[in-house]
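[1] Here is the input, now give the coordinates:
(chains A and B)
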Amino acid sequence: MNFFKIIDQLSEVDPDVLDRFDSRRAVFSSLGTAAKRSALAATPLFLGALFQKAYAGTTSTPVEVLQYALTLELFEQDFYGKVKGSAPYAGASAADKAAIDKIKQHEDSHVTLLRGAITSLGGTPVTGVTFKSAVFATLTTFPAQLGIAQLLEDTGVRAYKGRAGELLGDANGLLTVALQIHSVEARHAAKIRTMRGQRAWVSPADDLATHPVYTSGVTGPTSTTTPFGYGIPAYTAASPTENNTTQSGVPITTGLGATYSAADAAASFDEYLQAAEVFDASRAGGLVGA
Amino acid sequence: MSDNLQPRGSDETTFAQPLYTPIKRRSFFMYAGATAGATALVLAGCSKDSTTTPVDNGISLGAGDVGVLNYAYALEQLEAAFYAQVKSVTPVGGAGLSQIEKDYFTEVATHEEIHRNFFKAAITRDAPGKLLQNLTPNFSGIDFTQRTTPAGSAKLGVLNAAKAFEDLGVAAYNGAGKLIKTAAYLVIAGQIVSVEARHAAYVRELITPGSFAADDQVNPTNGLDMAMDPTAVIAIAQAFVMEKLDASTVGK
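    Modelled structure (predicted):
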């Protein structure tokens, strides 16, 4: 597989974007605090969110974002590898096995792709990321494994969503690649959910709706360093929960000219998670290890 | 435009650049909805001896980020209209859907309606006067009474049409991300594309179990979903829209 050919096909150079961000930052740093606050208050919430994000200290490199993605892919790859070697999988139907195999095939491809991208950018791909064996041993049935699979896939969707913005304007087309992986994870999530008799989309009616994967926030202290050898952006405040029904300041249930249920409003938009939330012990962070 | 969008201080053209990119005069007429004006411009350029037919590029979706939002709005209009038809026309039982399928498609219909209304509200608020008009769907190639395309039929069954719309939507959002300049808009697009991918996977499973992320859509070598440019997407979507659409300036 020729990684550069893929990137060439996907890339579109936009040399102005980063300058544009820097110019905005310069504009705001030249304003007094009061002027800054009133300017922020006057802007539409879309643009307000942009400036808040610009000041959140997200100065990561593309390699760091890719390492984060690779970490999650290695984690999934190891989990599905463990599933394939387990007794519950051996006893599953041919259709169920085929689904697991297909998902793992994609995770394997993602690992290969991300390793190649990191290496081509001069980085050393993270290694040794595994799903905790002791936890895996407690998953003694196929449904139990599927429950974890659903959490992992939905986490992946939220995780990619949380960092795609850092690839805005990337000259190597990495934003598009990230989006193309992100939607595949969503397809995986939909399939696992369907296998489990749940809706393909996130719903407050899900049997796992109260799991921290679908809420937000952290349960422990956060850091901008990780045990994987790369940094992550500083944690700000809790991200929107999956049950969130307000988008960009618009209440979806009542603000769009018709009345919608909270469940429909929640299901129509998936929500992101910050890296610190993903790595929190209540989510993927608690499942990664020896 | 409202002064609210302009900060005090220097460099305001750079600040406003995503929404206020200098536009060609022809595009201005199209923004103003005066397609007659655009046609008049074209005709004015014709010499009196000319026998060439004026070129009609269609309704421009706009430029820059507004173009991307209108582009998404156009696709959501189509999807919302499609699922509204499924809700009201497609029978339960017989050649139609099962009850649970009808129930789930009723939820999907609501999601797409919410997406459509959300973009309308967002564009109206952030770029007043630049909202794409209401489009007229052309569903003559779809048979809403059939769950799947009957053998030899020229019309798509409901599931086949749904799959086409959802997969196209995923490819459209994936290809549009790189064109977006405003981070907040990218977040919104990201929040919606994964829902469309869930829809797509669900519909695919109904047609062919196991095809949620099949090789025709997800490249088996690199595991990547499709990403398409706006003009390529609109070329496909055009079959389902009466009005001719011009996506050539989206994101530019």
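
[2] Start from the N-terminal end of the chain and give the helices.
    Looking at chain A here, since you left the chain open. Here chain A has its helices, by DSSP state H, at A:3-10, A:16-29, A:33-42, A:45-54, A:62-84, A:87-90, A:94-120, A:133-137, A:142-163, A:174-195, A:262-267, A:275-278.

[3] try again with chain B
    Applying DSSP H to chain B gives helices spanning B:12-20, B:25-31, B:35-44, B:64-89, B:99-126, B:158-176, B:183-207, B:230-237.

[4] could I get those as TSV with mean neighbour count and mean pLDDT?
    C-beta coordinates here come from the backbone N, C-alpha and C atoms, glycine included. Shown next, in TSV, are the helices of chain B (neighbours: other CB atoms under 10 Å in any protein chain shown; pLDDT from 0 to 100):
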stretch	mean neighbour count	mean pLDDT
helix B:12-20	17	42
helix B:25-31	16	45
helix B:35-44	14	43
helix B:64-89	23	98
helix B:99-126	20	98
helix B:158-176	25	98
helix B:183-207	26	98
helix B:230-237	19	98
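
[5] For A:Ser203, find the nearest of those helices.
    Closest to A:Ser203 of the helices of chain B is helix B:99-126 (CB to CB; 8.5 Å).

[6] how distant is the closest one from the center of its chain?
    13 Å (CA atoms, centre = their mean, to the nearest Å).

[7] Can that helix be said to contact chain A?
    Yes - judged by CB under 8 Å from any CB of the partner chain, helix B:99-126 comes into contact with chain A at B:104, B:107, B:110-111, B:113-115, B:117-118, B:121-122, B:125-126.

[8] the inter-axis angle of that helix versus helix B:183-207?
    160 degrees (axes from the mean of the first three to the mean of the last three CA atoms, to 10 degrees).

[9] before we move on, back to that, got TSV for the helices of chain A, with distance to chain B and mean pLDDT too?
    Output for the helices of chain A, formatted as TSV (distance: least, CB to the nearest CB, whole Å; pLDDT from 0 to 100):
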stretch	distance to chain B	mean pLDDT
helix A:3-10	6	49
helix A:16-29	4	42
helix A:33-42	4	40
helix A:45-54	4	41
helix A:62-84	9	98
helix A:87-90	16	98
helix A:94-120	3	98
helix A:133-137	23	98
helix A:142-163	5	98
helix A:174-195	4	98
helix A:262-267	4	98
helix A:275-278	15	98
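
[10] So which of those helices is the most surrounded?
    Most buried of those, by mean neighbour count (mean count of other CB atoms under 10 Å in any protein chain shown): helix A:174-195, with a mean of 28.

[11] A:Ala178 is in contact with A:Ala164, isn't it?
    Yes - here A:Ala178 reaches A:Ala164: they are 5.2 Å apart, a contact under CB atoms under 8 Å.

[12] Can you tell me, leaving aside adjacent residues, what's nearest to whatever residue of the stretch 151-252 of chain B ends up closest to chain A?
    Nearest residue of the stretch 151-252 of chain B to chain A: B:Gly223, at 3.2 Å (CB to the nearest CB). Nearest non-adjacent residue to B:Gly223, counting by CB to CB, 6 or more residues apart in numbering or on different chains: A:Ser109, 3.2 Å away.

[13] just A:Ser282 next, same as before
    Using CB to CB, 6+ apart, the closest residue to A:Ser282 is A:Pro212 (4.0 Å).

[14] Now do the same contact list for the one you found.
    Contacts for A:Pro212 (CB atoms under 8 Å, 6 or more residues apart in numbering or on different chains) come out as A:Thr219, A:Asp280, A:Ser282, A:Arg283.

[15] Could you export those residues as CSV, including neighbour count and pLDDT?
    Formatted as CSV, the contacts of A:Pro212 follow (neighbours: other CB under 10 Å; pLDDT from 0 to 100):
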residue, neighbour count, pLDDT
A:Thr219, 12, 97
A:Asp280, 21, 97
A:Ser282, 15, 97
A:Arg283, 25, 98
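
[16] Which of those residues sits closest to chain B?
    Closest to chain B, out of all of the contacts of A:Pro212 and judged by CB to the nearest CB, is A:Arg283, at 17.3 Å.

[17] thinking that closest one is in contact with A:Leu152, fair?
    No - if you go by CB under 8 Å, A:Arg283 and A:Leu152 don't touch, sitting 9.6 Å apart.

[18] Quick check: A:Lys132 vs A:Leu139, distance?
    Relative to A:Leu139, A:Lys132 is positioned 11 Å away (criterion: CB to CB, to the nearest Å).

[19] what about these two, which has more around it?
    Legend: neighbour count by other CB atoms under 10 Å in any protein chain shown for A:Lys132 and A:Leu139, higher for A:Leu139 (20 against 16).

[20] so what's A:Lys244 closest to, chain neighbours aside?
    Rather than Lys, residue A:244 is Asn. Closest to A:Asn244 by CB to CB, 6+ apart is A:Glu271, at 5.8 Å.

[21] Let me see the contact set for the one you found.
    Contacts of A:Glu271 (CB under 8 Å, 6+ apart): A:Arg158, A:Lys161, A:Ser216, A:Ser239, A:Pro240, A:Thr241, A:Glu242, A:Asn244, B:Gln191.

[22] Equivalent analysis for A:Leu273, please.
    A:Thr155, A:Arg158, A:Ala159, A:Lys161, A:Gly162, A:Ser216, A:Ser239, A:Arg283.

[23] Tell me how far the most centrally placed residue in chain B lies from B:Phe240.
    In chain B, the residue lying closest to the centroid (CA atoms, centre = their mean) is B:Leu75, at 2.0 Å. Taking CB to CB as the measure, B:Leu75 falls 10 Å from B:Phe240.

[24] Test my guess that B:Ile192 contacts B:Tyr173.
    Yes - contact criterion CB under 8 Å: B:Ile192 and B:Tyr173 qualify, at 6.6 Å.

[25] Identify the contacts common to those two.
    Common contact partners of B:Ile192 and B:Tyr173 (CB under 8 Å, 6+ apart): B:Ala72.
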